[in-house]
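> Requesting a structural model of the entry that follows:
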Amino acid sequence: MKDINFPINLVFNIGTIANDFSATDANNKTIAYVKQKLFKLKEDVLVYSDENKSQINYTIKADRWIDFSAAYSIKDERTKKELGKIARKGWRSLWKAEYDIIDQHQKPQYKIKEKSALTRLLDSLFGEIPILSFFTGYLFNPTYLVTDNYNNVIVEMKKEPSFFGRKFSITKNRDIDQDDQERVILSLMMMVLLERRRG
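Below you'll find the model as predicted:
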């Protein structure tokens, strides 16, 4: 996942039973097709090179059964090396999403934080109302900020107005090296699978 032109656009498929999406860059080039395996007690995600699913580039797997404190290991399938982890911040992330991105040396490197808890609350409330739930994707669109250890915003991900809330965009605010960029993008891909399922 090198030489990517931002923004990256994530579009979920609504015609499949799987939790899956395509990722394209600013040139509309597919950089990944992400699919979550169904009926697994532990989260198991495959990141393919494209929609043809001919090559698996990365895997993301939970270290335990689904809970609020799971960590998800990101592995490069070509080298078989762990690139890092994304870890949910336990019960603190129940109302407002919060995750740590951990590097290959097991050191916390970045944080992902939801910008507004109110947006999530309104989205969840209106999502329970018949008919209105179809249009919450146009009304309430959370933003997630990736910050470094000095609280600088490095990358931003936004849920875009769309039917069923199926579109997200990732923009880069500051330059980071290729390895970090790869780890951040893959962490956001895992996070969006988890957060979109939560509403």
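
> CA only for contacts and neighbour counts going forward, please
OK.

> residue contacts, Gln178?
Lys2 (C-alpha atoms under 8 Å, 6 or more residues apart in numbering).

> and the gap between it and Leu83?
For Gln178, the distance to Leu83 (C-alpha to C-alpha, to the nearest Å) stands at 12 Å.

> ok, now how distant is Thr59 from Thr147?
Look at Thr59 and Thr147: by C-alpha to C-alpha, they are 24 Å apart.

> For the two, work out which one has more neighbours and name it.
Taking other C-alpha atoms under 10 Å, Thr59 and Thr147 do not tie; Thr59 has more neighbours (22 against 19).

> What lies in contact with the strand or helix carrying the more buried one?
Per DSSP states H and E, Thr59 falls inside strand 56-62. Residues from elsewhere that reach strand 56-62 (C-alpha under 8 Å, 6+ apart): 42-49, 70-78, 190.

> again, only using 10 Å
Defining contact as C-alpha atoms under 10 Å, 6 or more residues apart in numbering, one finds that strand 56-62 is touched by 1, 32-36, 41-50, 70-87, 186-187, 189-190.

> Below-threshold pLDDT in this protein: ranges please.
Applying pLDDT under 70 to the chain flags residues 39-41, 65-68, 90-95, 117-140, 163-165, 197-199.

> looking at this, Met190 is in a strand?
No. Met190 is assigned helix when assessed by DSSP: H, G, I helix; E, B strand; the rest coil, not a strand.

> If you go by neighbour count, which of the contacts of strand 56-62 are buried?
32-36, 42-50, 70-76, 82-87, 186-187, 189-190 (16 or more other C-alpha atoms under 10 Å).

> Could you tell me which of those residues belong to helices?
Taking DSSP state H as the definition of helices, the buried ones among the contacts of strand 56-62 contribute Leu186, Ser187, Met189, Met190.

> Next, the contact list for the first one, please.
Translated: Leu186. By C-alpha under 10 Å, 6+ apart, the contact set of Leu186 is 1, 32, 34, 47, 58-60, 74-75, 83-86, 180, 192.

> Out of those residues, the closest to Gln106 would be?
Proximity to Gln106 was ranked across those by C-alpha to C-alpha; first place goes to Gly84, at 7.0 Å.
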